[in-house]
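**Q** all I have is the shape, not the residue letters:
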């Protein structure tokens with residue numbers, strides 16, 4: 001085992017016993033395949049938030065491996081096209097698997113399956129294996145699919161299955177609550193959620209399941225409908241995230257496992273609409289390998305992603321000509337002049353910033369030195385990706 005990590009989330013206090021029971025089953029199965037070293041579940045003291053008793057739960061452990069085999073992706077066949085998700089930091093998934101029949105390459109039986117897995121040995125091309133065949137295919141007593149399943153049950157929303165008996169929700173009704181919450185408090189992804197500011201996807205789901213207080217307006221419903229139609233008809237390209245979002249939009253419903261993906265439809269649609277309204281004059285800057293110096297750019301926003309080697313932050317920037325620039329930073333926040341600045345997807349900071357470093361649109365200006373890594377077109381806009389960036393406040 002390697003790649004130590006900690007996963008934390010907030011759950012209702014009444015479900016701490018259920019969390020301990022699920023972890024006990026997880027640990028038992030991990031021991032059978034020699035992957036239990038370092039696994040630990042910590043449960044904090046209860047606290048009250050919005051009249052609810054909650055606890056912080058942390059899962060400490062390392063990424064399990066089984067010999068030469070790697071699980072490339074999990075395919076949920078309940079929607080068409082399927083929702084395909086891979087482990088953090090895994091390779092990109094070929095789009096053909098989204099429309100693949102749920103056929104197991106191991107037993108060669110074609111039958112109705114809800115879930116299959118893509119399994120690769122020593123970097124070879126993946127093969128599709130049914131969840132019930134994982135153990136025999138891998139040659140172990142306990143299939144990795146079971147272990148992965150228990151990790152998934154200990155994810156941020158696992159307790160919602162304990163609260164309700166249904167496992168799916170109407171997409172339009174849910175997105176109307178998402179629009180309402182964004183209108184009231186802005187968009188908060190799960191990576192930036194806190195005690196005081198829970199994730200939008202979770203708050204919207206709570207209100208959708210148990211409506212109380214304010215309800216979505218007709219305009220909220222209209223925006224939810226427009227966002228769903230856009231997501232269902234868009235060109236997702238090679239992005240696994242966008243393909244999964246489209247599969248949910250086309251289905252018209254989503255399971256609780258995928259509410260985070262469903263909620264993201266709204267901010268992604270809004271960003272697309274805003275970019276369409278802007279003058280699309282973005283061009284490439286520099287040549288690949290060229291070192292850019294003293295470039296005055298505005299920070300548009302950030303997005304944190306969790307991969308195999310840890311968390312990374314995508315910093316989105318734009319120069320005074322409207323040229324888009326992307327920089328992947330292997331940590332949280334944006335390092336500017338030796339300090340870390342945290343921005344949400346709309347560029348709002350977590351700490352006071354002097355007005356002197358803002359442009360006329362309220363965006364934060366920095367001076368950038370960076371090396372051009374690549375040029376690419378994303379959703380019709382030319383963008384430049386840089387590496388080895390150094391940012392500092394303008395003097």
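**A** Looks like it came in fine. Since the model is a prediction, treat every value here as computed from it, not as a measurement.

**Q** how about the spatially most central residue of the chain, nearest residue that isn't a chain neighbour?
**A** Residue closest to the average C-alpha location in the chain (CA atoms, centre = their mean): residue 305, at 6.4 Å. Nearest non-adjacent residue to residue 305, counting by CB to CB, 6 or more residues apart in numbering: residue 312, 5.5 Å away. Placement of C-beta: from N, CA and C, glycine included.

**Q** what residues of the one helix or strand that neighbour maps to count as buried?
**A** Using DSSP states H and E, residue 312 sits within strand 310-319. Across strand 310-319, burial judged by 16 or more other CB atoms under 10 Å covers 312, 313, 315, 316, 317, 318, 319.

**Q** show me what contacts the residue nearest to residue 305?
**A** Residue 312 sits next to 304, 305, 328, 329, 330, 331 when contact means CB atoms under 8 Å, 6 or more residues apart in numbering.

**Q** tally of neighbours for the third one?
**A** Same thing as residue 328. Per other CB atoms under 10 Å, the neighbour tally for residue 328 reads 15.

**Q** pLDDT value on it, please?
**A** Reading off the confidence values, residue 328 has pLDDT 89.

**Q** show me the contacts for it.
**A** So residue 328 contacts 312, 313, 314, 315, 385, 387 (CB under 8 Å, 6+ apart).

**Q** apply 6 Å and report the result again.
**A** Residues in contact with residue 328, defined by CB atoms under 6 Å, 6 or more residues apart in numbering, are 312, 314.

**Q** where do the helices of the stretch 251-395 of the chain begin and end?
**A** 259-263, 265-277 (DSSP state H, counting those that start in this stretch).

**Q** can you tell me what sits against the last one?
**A** Helix 265-277 is contacted by residues 175, 178, 179, 187, 227, 230, 231, 245 when judged by CB under 6 Å, 6+ apart.

**Q** against residue 270, how distant is the fifth one?
**A** In this view, residue 227 and residue 270 are 8 Å apart by CB to CB, to the nearest Å.

**Q** the more surrounded of the two?
**A** For the pair residue 227 and residue 270, the greater number of neighbours falls to residue 227 (25 against 19), based on other CB under 10 Å.

**Q** for residue 168, list each beta-bridge partner.
**A** residue 255 (DSSP bridges).

**Q** what does the pLDDT read for it?
**A** Residue 168 is given a pLDDT of 70.

**Q** cool, residue 158 as well?
**A** At residue 158, pLDDT is 42.

**Q** now do residue 347
**A** 55.

**Q** before we move on, back to that, nearest to residue 76 among the contacts of residue 312?
**A** For the contacts of residue 312, the residue nearest residue 76 by CB to CB is residue 305; the value is 20.6 Å.

**Q** so that closest one versus residue 217, what's the distance?
**A** On the measure of CB to CB, residue 305 and residue 217 end up 33 Å apart.

**Q** same check on residue 235?
**A** 31 Å.

**Q** these two: who's more crowded?
**A** Set side by side, residue 235 and residue 217 show more neighbours around residue 217, with 13 against 8, by other CB under 10 Å.

**Q** so for that one, what's the pLDDT?
**A** pLDDT at residue 217 comes out at 88.

**Q** torsion angles phi and psi at it?
**A** When read as degrees, to the nearest 10, the backbone of residue 217 gives phi -80, psi 170.

**Q** so the spatially closest residue to it that is not a sequence neighbour is in which element?
**A** Distance criterion CB to CB, 6+ apart; nearest residue to residue 217, sequence neighbours excluded, is residue 180 at 7.3 Å. Per DSSP H and E: residue 180 is located in helix 171-185.

**Q** who touches that helix?
**A** 200, 203-204, 207-208, 216, 220-221, 223-224, 252-254, 263, 266.

**Q** drop anything exposed from the residues you listed.
**A** 200, 203-204, 207-208, 216, 220-221, 223-224, 253-254, 263, 266.

**Q** now intersect those with the strands, please.
**A** 253, 254 (DSSP state E).

**Q** what is the nearest of the buried ones among the contacts of helix 171-185 to residue 138?
**A** Distances from residue 138 to the buried ones among the contacts of helix 171-185, taken by CB to CB, are shortest for residue 254, at 30.2 Å.

**Q** what's near enough to touch that closest one?
**A** 171, 248, 262.

**Q** now it: how far from residue 324?
**A** 31 Å.

**Q** ok, residue 233 next?
**A** Distance from residue 233 to residue 324, by CB to CB: 24 Å.

**Q** ok, those two, which is more surrounded?
**A** Higher neighbour count among residue 233 and residue 324: residue 324, with 21 against 10, using other CB under 10 Å.

**Q** isn't the more buried one right next to residue 382, touching?
**A** No. Counting by CB atoms under 6 Å, residue 324 stays clear of residue 382, with 7.3 Å between them.

**Q** any shared contact partners between those two?
**A** residue 282.

**Q** which outside residues touch stretch 205-213?
**A** 174, 177, 259.

**Q** can you pull the contacts of the last one?
**A** By CB under 6 Å, 6+ apart, residue 259 lies in contact with 201, 205.

**Q** just put the contacts of helix 265-277 in JSON lines and tack on pLDDT and distance to residue 105.
**A** What follows is the contacts of helix 265-277, written out as JSON lines (pLDDT from 0 to 100; distance: CB to CB, whole Å):
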{"residue": "175", "pLDDT": "94", "distance to residue 105": "37"}
{"residue": "178", "pLDDT": "94", "distance to residue 105": "38"}
{"residue": "179", "pLDDT": "91", "distance to residue 105": "42"}
{"residue": "187", "pLDDT": "88", "distance to residue 105": "41"}
{"residue": "227", "pLDDT": "92", "distance to residue 105": "37"}
{"residue": "230", "pLDDT": "91", "distance to residue 105": "36"}
{"residue": "231", "pLDDT": "91", "distance to residue 105": "32"}
{"residue": "245", "pLDDT": "90", "distance to residue 105": "28"}
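
**Q** greatest separation within those: which pair is it?
**A** Maximum distance among these (CB to CB): 16.5 Å, for 187 and 230.
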